[in-house]
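> one predicted model, sequence on top.
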Amino acid sequence: MALEFPPMTLLQTPLYSACVDQQARMTEFAGWSMPVQFGGIKQEHQAVRQRAGLFDISHMGKFELRGPGVIAALQTLVPSNLDRLTQGQAQYTVLLNPKGGIIDDLIVYLKSPRSSSSGMGSETVALIVNAATTDKDKAWLLEHLEGKGIELVDESRDRALISLQGPAAATLLQPHTVLDLSALGRFAHRDTALLGQLAWVARTGYTGEDGFEIMTDPDTALALWQTLTEAGAAPCGLGARDTLRLEAAMALYGQDIDDTTSPLEAGLGWLVHLEEKGDFVGRSVLEQQKAEGVSRRLVGLAMDGRHIARHDYPVLYQGDRVGTVTSGTLAPTLNIPIGLAYVAAPLAKVGQALEVEVRGEPQGATVVKRPFYRAG
């Protein structure tokens, strides 16, 4: 007799009811019930490129680290030099395992002044991590911060997170905050009043456009969602978020990067600051890769025809398999099929002719410069 298991109860974000009311098509993602689309992926994609789109990203992991020497402790876990950060600045980086593989990609936000060189004083650092890796990241951080007097506060289920993206994002958000958004630079962030309530606003995003990520309490987030959609921001789902990030050649954890890929293989060498910092988890592997070179690299592919290169499709050269597609789609802005793929390092140069096996048939593809799309 077959065993029967009760259906999994999905988590709901504070904006779940608003998304359902707006006729979102919902799907399971990392244990959450999330909108995959509202009016259609292409329509939502174009709204972000042309004006503004609004995303519920409350499923993302949200941590605060508080205590003495938080930045110094995090320095041992990432390849980027976090000593560059001052209050109100942020750094995109990756957590590494001992083999140099990527545990997760995340953004580190320094919310307080730095502690003194003597270690006196407390620092507050916010981390935004991927939804699917929240528990894994939390366990890794707790293991490596143990005994350092640092408190990890998990706000993943208590706080809402909204992403407003597109060339009109600042225009739509400015009337509702006392913060001068024109003075908020890329990867800068501030605590501010928004709709009269406390919120945290960061000039970050995952679409290749200008925009903001806003964390606040559930009630304020719901009011802001309604206010911004009424002002013309298009509600957008995970589908458009994926096509937008792929046009911008931004890696998706679990597809383009994971525990087996190093930042040097993944084209994230700009995050690795070996000359600027001391030891960190995975450093010896990255030093060896930098000295000897990597055997594979993540590249951008443009298909020669209209066939789409999907995740896990083989990449071929002269009939031999030389790599694997990690992400692929028909780019709505460019109207061509694009993809990301790991290929043998000698074949990773721009202009290299390759093939992708699509449903058993080789289809022409060319290595192209990334990103595929860049905002004007």
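Yep, it's here. Predicted, not measured: the structure shown is a model, and the values here were computed from it.
> shaky segments in this structure?
Applying pLDDT under 70 to the chain picks out residues 1-7, 116-120.
> how is it divided into domains?
Domains of the chain are assigned by automatic domain parsing as 11-60+158-247, 61-154, 295-368.
> on the three-state scheme, residue 240 is what?
Following DSSP: H, G, I helix; E, B strand; the rest coil, residue 240 is assigned to helix.
> if we can go back for a sec, who wins for proximity to residue 285 among the domains of the chain?
Judged by C-beta to C-beta, the one of the domains of the chain that comes nearest to residue 285 is domain 61-154, at 3.3 Å. For the C-beta atoms, the positions are set from N, CA and C on the backbone; glycine is no exception.
> and the lengthiest strand in the chain, what does it pack against?
Looking across the chain with DSSP state E, the single longest strand is strand 320-331. Identification of packing neighbours for strand 320-331 by 3 or more C-beta pairs under 8 Å, 6 or more residues apart in numbering; DSSP states H and E yields helix 238-247, strand 296-303, strand 314-317, strand 336-344, strand 353-358.
> now with 6 Å?
helix 238-247, strand 314-317, strand 336-344 (3 or more C-beta pairs under 6 Å, 6 or more residues apart in numbering; DSSP states H and E).
> any idea which of the domains of the chain is most buried?
Mean neighbour count (mean count of other C-beta atoms under 10 Å) peaks for domain 11-60+158-247 among the domains of the chain, with a mean of 19.
> distance between the ends of that domain?
Length of domain 11-60+158-247, first residue to last, C-alpha to C-alpha, to the nearest Å: 29 Å.
> which residues touch the spatially most central residue of the chain?
Nearest to the geometric centre of the chain sits residue 206, at 5.7 Å (C-alpha atoms, centre = their mean). By C-beta atoms under 6 Å, 6 or more residues apart in numbering, the contact set of residue 206 is 245, 250.
> if we go to 8 Å?
With contacts defined as C-beta atoms under 8 Å, 6 or more residues apart in numbering, the neighbours of residue 206 are 163, 165, 241, 244-245, 248, 250.
> one step back: ok, residues contacting the longest strand of the chain?
So strand 320-331 is in contact with 242-243, 246-247, 252, 255-256, 296, 298, 301, 306, 308-316, 336-344, 347, 354, 356, 372-373, going by C-beta under 8 Å, 6+ apart.
> nearest to residue 197, of the contacts of residue 206?
Closest to residue 197, out of all of these and judged by C-beta to C-beta, is residue 163, at 18.3 Å.
> what bridges to the closest one?
Counting by DSSP bridges, residue 163 is bridged to residue 55, residue 213.
> residue 71 belongs to a strand?
No. According to three-state DSSP, the state of residue 71 is helix, so it is not within a strand.
> related to what we said a few turns ago, which SS state does the residue nearest to the centre of the chain fall under?
Here residue 206 is coil, with the state taken from three-state DSSP.
> nearest residue to residue 286 in space, please, no chain neighbours.
The shortest distance from residue 286 to any non-neighbouring residue, by C-beta to C-beta, 6 or more residues apart in numbering, is to residue 100 (5.3 Å).
> against residue 112, how distant is that neighbour?
Counting by C-beta to C-beta, to the nearest Å, the gap from residue 100 to residue 112 is 31 Å.
> repeat for residue 355
Distance of residue 355 to residue 112, computed by C-beta to C-beta: 52 Å.
> can you list the strands that the strand or helix carrying residue 107 pairs with?
According to DSSP states H and E, residue 107 maps onto strand 102-110. Neighbouring strands of strand 102-110 in its sheet, by DSSP bridges, are strand 90-96 (antiparallel), strand 123-129 (antiparallel).
> close enough to count as contact, residue 372 and residue 334?
Yes. Using C-beta atoms under 8 Å, residue 372 makes contact with residue 334 at a distance of 6.3 Å.
> any shared contact partners between the two?
Listed as contacting both residue 372 and residue 334 by C-beta under 8 Å, 6+ apart are residue 247.
> would you turn the helices and strands packed on strand 320-331 into TSV with distance to residue 152?
As requested, the helices and strands packed on strand 320-331 are exported to TSV (distance: least, C-beta to C-beta, whole Å):
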stretch	distance to residue 152
helix 238-247	27
strand 314-317	40
strand 336-344	32
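> now for these, which one comes closest to residue 173?
Taking C-beta to C-beta, helix 238-247 is the member of the helices and strands packed on strand 320-331 nearest to residue 173, at 18.4 Å.
> helix or strand right after that closest one?
Scanning forward in sequence from helix 238-247 by DSSP H and E, the next helix or strand is helix 283-292.
> buried sites along that next one?
Using 16 or more other C-beta atoms under 10 Å as the test for burial, helix 283-292 gives 283, 285-286, 289.
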